[in-house]
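Student: Sequence unavailable; structure follows:
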């Protein structure tokens with residue numbers, strides 16, 4: 001009968017060798033495709049680093065603001081209001097700095113495994129912290 005011989009038949013070693021080479025090439029191609037899929041586009045990594053640096057600039061600004069309030073603002077009539085504003089700025093700066101590093105790590109890990117980017121608590125923490133500082137400063141000014 002005119003049927004094709006099964007693959008790997010020793011009666012035709014040329015066909016068996018070609019089939020083995022094709023299978024090896026397919027495996028190599030699959031490895032390359034998987035490696036490329038796991039590689040992160042450098043632009044995303046750089047964007048993640050820029051975001052981290054922006055959070056760090058915010059933390060440094062809050063730290064400088066806290067020191068400036070403590071050292072340069074004249075004392076309010078009620079004792080401790082100036083210190084409360086300064087300490088609030090400095091504590092918020094520390095929270096933002098630590099949170100920025102954690103956020104950078106979580107985003108980087110998510111990109112490496114190809115998962116969804118995690119949600120952030122940094123924005124509500126910063127907004128709430130600045131609102132508290134504003135309220136404290138406002139109270140200090142009203143009571144002066």
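Tutor: Thanks, I have it. Because the structure is a prediction, the values reported are computed rather than measured.

Student: Pull out the buried residues from the host helix or strand of residue 138.
Tutor: Assigned by DSSP states H and E, residue 138 falls within helix 122-143. For helix 122-143, the neighbour count (16 or more other Cβ atoms under 10 Å) marks 122, 126, 129, 133, 136-137, 140 as buried. Just so you know, the C-beta spots here come from the backbone N, C-alpha and C atoms, and that holds for glycine as well.

Student: can I get those residues in TSV with pLDDT and distance to residue 18?
Tutor: Output for the buried residues of helix 122-143, formatted as TSV (pLDDT from 0 to 100; distance: Cβ to Cβ, whole Å):
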residue	pLDDT	distance to residue 18
122	93	58
126	95	63
129	96	68
133	95	74
136	91	79
137	90	79
140	87	84
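
Student: what about the helices in the chain?
Tutor: Along the chain, the stretches classed as helices by DSSP state H are 13-38, 42-72, 81-113, 122-143.

Student: and those, which one's lowest on average pLDDT?
Tutor: If you rank the helices of the chain by mean pLDDT, helix 13-38 sits at the bottom with a mean of 72.

Student: between the buried residues of helix 122-143, which is nearest residue 74?
Tutor: Residue 74 has its nearest neighbour among the buried residues of helix 122-143 in residue 140, at 10.5 Å by Cβ to Cβ.

Student: Just give the nearest non-adjacent residue to the closest one, would you?
Tutor: Nearest non-adjacent residue to residue 140, counting by Cβ to Cβ, 6 or more residues apart in numbering: residue 81, 3.8 Å away.

Student: Look up how far residue 88 lies from residue 73.
Tutor: From residue 73 across to residue 88, the span is 13 Å (Cβ to Cβ, to the nearest Å).

Student: So between these two, which is more surrounded?
Tutor: Neighbours per residue (other Cβ atoms under 10 Å) separate residue 73 from residue 88, with residue 88 holding more: 22 against 14.
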